[in-house]
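[1] Okay, here's the prediction I keep looking at, along with the sequence it came from:
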Amino acid sequence: MAQAVPALSDSGPVSVAAAPDAPRRLSWLDTLKVYLAPESLRMLTLGFAAGLPLLLVLGTLSFRLREAGVDRATIGHLSWVGLAYGFKWVWAPLVDRLPIPLLTRALGRRRSWLLLAQAGVVAGLLGMAQADPRASLAPLVWCALAVAFASATQDIALDAYRIESAPVDEQPALAATYQTGYRLAMIWAGAGVLWLAARAQGAADGYDQRAWQWAYRVMAGSMAVGMLTVLLAREPVPRPIKPASTLGEWLQGALLEPFADFFRRYRWQAALILALIAIYRISDVVMGIMANPFYVDMGYTKDEVAAVTKVYGVVMTLAGAFVGGALALRVGVMRVLMLGAVLSAATNLAFSWLAGVGHNLTALIVVVSADNLASGIASAAFIGYLSSLTNVSYSATQYALFSSMMLLLPKFVAGFTGDYVNAFGYANFFASTALLGLPVLVLVLFAMRAQTRKTE
């Protein structure tokens with residue numbers, strides 16, 4: 001794939017993806033070939049490294065804590081560890097501009113930060129493996145915070161690497177392979193870690209610290225997939241950065257200009273775009289915190305949850321990611337964004353139905369499969385949309401701003417989900433999270449109209 005060609009504007013070089021919804025006239029064969037390009041295949045393994053830590057500090061951790069007897073309200077509050085992802089725009093300018101002594105010279109700016117962040121994830125996961133939540137929650141929480149911070153840093157560098165590795169019209173395909181790797185890692189960090197813990201625990205009931213310790217150590221070792229890819233991959237063609245003569249000039253270019261550039265380019269539409277980004281995934285994120293405690297309380301075993309998520313969840317997530325990426329190439333990103341928003345809200349209603357059914361493995365398979373399909377479609381389109389909004393001169397900082405806003409409000413609201421479930425029950429909770437998706441539909445519609453006016 002060729003590098004993205006910048007187009008000139010009053011604010012400097014801007015990505016030619018200013019019109020994210022202009023579909024390409026491709027045959028289905030040409031569409032599939034995009035997924036086999038080296039850039040796409042690299043994003044598969046790097047997406048795996050990006051997705052692995054998330055559940056280990058959120059979803060899977062909530063299962064572990066609930067099994068250890070931690071109250072649902074406490075679990076909900078501890079999900080605020082994920083707010084580290086919502087504030088990554090704060091240190092994104094450093095990742096975008098600051099070289100790492102020796103490492104950057106050897107690997108380049110993007111790969112050096114990727115490798116450093118991945119090493120931080122490994123160290124944090126090993127610390128989580130040692131911590132026993134029955135003795136004290138504090139060590140586990142601090143290690144989880146370290147993993148979240150390192151993982152968010154990896155996301156910053158990886159998003160910039162992806163955006164700079166291919167032209168904008170191919171970003172939905174890269175987003176699809178990235179999401180495939182990401183989701184495979186989430187299956188491994190969700191179903192896989194439960195399977196590992198169950199195998200290590202054997203026939204014993206209740207919480208087993210040694211079993212969870214073994215499972216988290218295996219997860220730490222799994223980060224080798226991403227680290228090896230970083231070492232073997234090539235650095236994207238570096239964009240020139242004008243050297244700053246003073247500290248004030250450097251701060252202006254690194255901290256202020258990326259945000260000023262976005263508002264200059266989109267003007268009044270910036271508020272609409274940021275509002276859409278802030279709530280697009282709110283239904284999924286808010287619901288997801290209580291999913292694993294729900295499985296525990298419904299009487300599903302580790303093996304049952306692992307099997308359903310690993311088999312049916314993987315198939316439907318892969319299908320969703322590739323369908324979302326292919327549809328975005330053929331019919332445009334905005335239409336697929338709308339489809340993803342509708343499906344995400346609808347599948348939350350399915351969980352509300354499941355709460356009334358109780359322990360039923362067939363029903364769980366149907367609901368989890370539908371939820372993963374919807375999530376794959378929505379994620380592939382949304383990442384393609386966010387990528388199209390960035391200026392390649394500030395790719396790391398601007399994408400970090402967008403992806404941070406995507407999580408900030410949902411993660412904050414998710415912290416109260418345990419209190420809500422305690423007060424109103426699971427069925428009402430899942431139905432309420434579906435209703436959270438209604439404003440998303442309105443904002444996508446407005447964004448579609450604004451994009452149409454811009455291209456006329």
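    Thanks, I have it.
[2] Look at the residue lying closest to residue 402 once chain neighbours are set aside and say how many residues are nearby.
    Excluding the flanking residues, the one nearest residue 402 by CB to CB, 6 or more residues apart in numbering is residue 386, at 4.6 Å. Heads up, the C-betas are built off the backbone N, CA and C, glycines and all. For residue 386, the count of nearby residues is 25 (other CB atoms under 10 Å).
[3] any idea how far residue 386 is from residue 161?
    15 Å (CB to CB, to the nearest Å).
[4] do residue 383 as well
    13 Å.
[5] any weak-confidence spans in the stretch 1-150 of the chain?
    1-35 (pLDDT under 70).
[6] Quick one: the helices in it, in order.
    28-35, 38-57, 59-67, 72-78, 83-86, 92-97, 103-107, 109-130, 138-165 (DSSP state H, counting those that start in this stretch).
[7] Adding mean neighbour count, write those helices out as a markdown table.
    Listed next are the helices of the stretch 1-150 of the chain as a markdown table, based on neighbours: other CB atoms under 10 Å:
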| stretch | mean neighbour count |
| --- | --- |
| helix 28-35 | 14 |
| helix 38-57 | 24 |
| helix 59-67 | 24 |
| helix 72-78 | 20 |
| helix 83-86 | 21 |
| helix 92-97 | 23 |
| helix 103-107 | 14 |
| helix 109-130 | 22 |
| helix 138-165 | 23 |
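[8] and of the ones you listed, who's closest to residue 366?
    Proximity to residue 366 (CB to CB) singles out helix 59-67 among the helices of the stretch 1-150 of the chain, at 19.9 Å.
[9] picking up where we left off before, could I get the helices of the stretch 1-150 of the chain in a markdown table, plus columns for distance to residue 294?
    Formatted as a markdown table, these follow (distance: least, CB to CB, whole Å):
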| stretch | distance to residue 294 |
| --- | --- |
| helix 28-35 | 34 |
| helix 38-57 | 15 |
| helix 59-67 | 9 |
| helix 72-78 | 10 |
| helix 83-86 | 22 |
| helix 92-97 | 34 |
| helix 103-107 | 43 |
| helix 109-130 | 22 |
| helix 138-165 | 21 |
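[10] Which one, of those helices, ends up nearest to residue 443?
    Closest among these, using CB to CB: helix 83-86, at 18.8 Å.
[11] Which neighbouring elements make contact with that closest one?
    helix 138-165, helix 395-414 (3 or more CB pairs under 8 Å, 6 or more residues apart in numbering; DSSP states H and E).
[12] got the CA positions of the helix or strand just after the longest one in CSV?
    Translated: helix 138-165. Moving toward the C-terminus from helix 138-165, the next helix or strand (DSSP states H and E) is helix 171-187. Provided in CSV are the C-alpha atoms of helix 171-187 (Å, rounded to 0.1, in the frame of the first residue of the first chain):
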residue,chain,number,x,y,z
GLN,A,171,-8.3,2.5,6.7
PRO,A,172,-11.6,0.7,7.1
ALA,A,173,-9.9,-2.5,5.9
LEU,A,174,-7.0,-2.0,8.3
ALA,A,175,-9.6,-1.2,11.0
ALA,A,176,-11.3,-4.5,10.3
THR,A,177,-8.1,-6.6,10.6
TYR,A,178,-7.1,-4.6,13.6
GLN,A,179,-10.5,-5.3,15.2
THR,A,180,-10.2,-8.9,14.3
GLY,A,181,-6.9,-9.2,16.1
TYR,A,182,-8.3,-7.0,18.9
ARG,A,183,-11.4,-9.2,19.3
LEU,A,184,-9.4,-12.4,19.1
ALA,A,185,-7.3,-11.1,22.0
MET,A,186,-10.5,-10.2,23.9
ILE,A,187,-11.7,-13.7,23.5
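[13] which secondary structure elements does helix 171-187 contact?
    Packed against helix 171-187 by the contact rule (3+ CB pairs under 8 Å, 6+ apart) you find helix 28-35, helix 38-57, helix 138-165, helix 314-331, helix 361-388.
[14] next helix or strand past it?
    Taking DSSP H and E as the definition, the helix or strand right after helix 171-187 is helix 193-201.
[15] Stretch 201-220 - what's its average pLDDT?
    Mean pLDDT, stretch 201-220: 88.
[16] residue contacts, the residue nearest to residue 382 when sequence neighbours are not counted?
    Distances taken as CB to CB, 6+ apart place residue 280 nearest to residue 382, at 5.9 Å, with adjacent residues excluded. With contact set as CB atoms under 8 Å, 6 or more residues apart in numbering, residue 280 has these partners: 337, 341, 378, 382, 406, 440, 443, 444.
[17] where does residue 280 fall, phi/psi-wise?
    For residue 280, the backbone dihedrals (degrees, to the nearest 10) come out as phi -60, psi -40.
[18] State the distance from it to residue 160.
    21 Å.
[19] Stretch 141-154: how far from the chain's middle?
    Distance of stretch 141-154 from the chain centroid (CA atoms, centre = their mean, to the nearest Å) equals 14 Å.
[20] Run through who's touching it.
    49-50, 53-54, 56-57, 61, 78, 81-82, 84-85, 87-88, 91, 95, 113-114, 116-121, 123-125, 127-128, 131, 226.
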